[in-house]
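Chemist: got a sequence here, can you model it:
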Amino acid sequence: MMNANHLHLRLNHAPVLEAAFGLGLLAFGMWRRRSELQKSALGVFVIAALVSVPVYLTGEPAEDGVEGLPGVSDVFIGNHESAASFAFSGILALGFIALSGLFLFRGGKVVSTMFATLALVGAIAVSVIMGWTANLGGQIRHTEIHPNATVPTAVQGKERY
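Modeler: Predicted coordinates:
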């Protein structure tokens with residue numbers, strides 16, 4: 001049976017990857033001056049915003065499921081939660097801008113350079129924030145990515161591969 005923890009963990013990668021993919025697609029579309037690619041990128045941003053809603057909504061129940069587990073720090077949870085609120089606002093804003101662009105430039109209209117640049121700047125900011133938030137979330141259970149983590153190079157005289 002899938003609970004909020006499972007759902008949060010299964011979905012949380014999608015908006016991060018979608019934002020990054022949309023950023024690449026938009027940049028490529030601007031470079032090639034292809035309005036169809038730019039509009040496709042805007043569609044990806046709308047999808048990323050929609051997928052981020054259940055990710056965000058399952059965050060609090062997922063927190064309840066891991067609090068008190070060995071090795072889980074309230075500091076890491078709090079850091080992730082704060083960043084998630086910021087990232088959620090950013091992806092929703094980018095999704096709204098993208099949806100507005102799809103509406104404004106429908107029916108064969110070319111995406112304006114100014115609008116595409118606005119979306120590109122927003123996508124860069126959101127991609128950075130989403131990546132940062134994902135890293136903070138990973139630190140909750142993955143001690144190997146903590147800022148001061150050390151990884152042993154040998155275990156009882158045997159090299160690690």
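Chemist: for S89, give its distance to L57.
Modeler: Using C-beta to C-beta, to the nearest Å, one gets 14 Å for the distance from S89 to L57. C-beta coordinates here come from the backbone N, C-alpha and C atoms, glycine included.
Chemist: I misspoke; the intended subject was F76.
Modeler: From F76 to L57 the distance is 20 Å (C-beta to C-beta).
Chemist: more neighbours: which of these two?
Modeler: For F76 versus L57, neighbours defined as other C-beta atoms under 10 Å are more numerous around F76 (20 against 15).
Chemist: ok, that one touching I140?
Modeler: Yes: in this structure F76 lies within contact range of I140 using C-beta atoms under 8 Å: 4.8 Å.
Chemist: ok, the nearest residue to F96 once chain neighbours are set aside - contacts?
Modeler: Closest residue to F96 apart from its sequence neighbours, by C-beta to C-beta, 6 or more residues apart in numbering: A49 at 7.4 Å. If you count contacts by C-beta atoms under 8 Å, 6 or more residues apart in numbering, A49 has them with 15, 91-92, 94-96, 98.
Chemist: what pLDDT does the model give A49?
Modeler: Note on A49: pLDDT of 98.
Chemist: mind checking how far the helix or strand where L9 lies is from the chain centre?
Modeler: Take DSSP states H and E as the rule and L9 turns out to sit in helix 4-11. Computed by C-alpha atoms, centre = their mean, to the nearest Å, the chain-centroid distance of helix 4-11 equals 14 Å.
Chemist: E18 and I47 touch, don't they?
Modeler: Yes: using C-beta under 8 Å, E18 is in contact with I47, at 6.0 Å.
Chemist: would you mark the buried spots in stretch 101-116?
Modeler: 101-102, 105, 111, 115-116 (16 or more other C-beta atoms under 10 Å).
Chemist: in three-state terms, label G68 for me.
Modeler: The three-state label for G68, taken from DSSP: H, G, I helix; E, B strand; the rest coil, comes out as coil.
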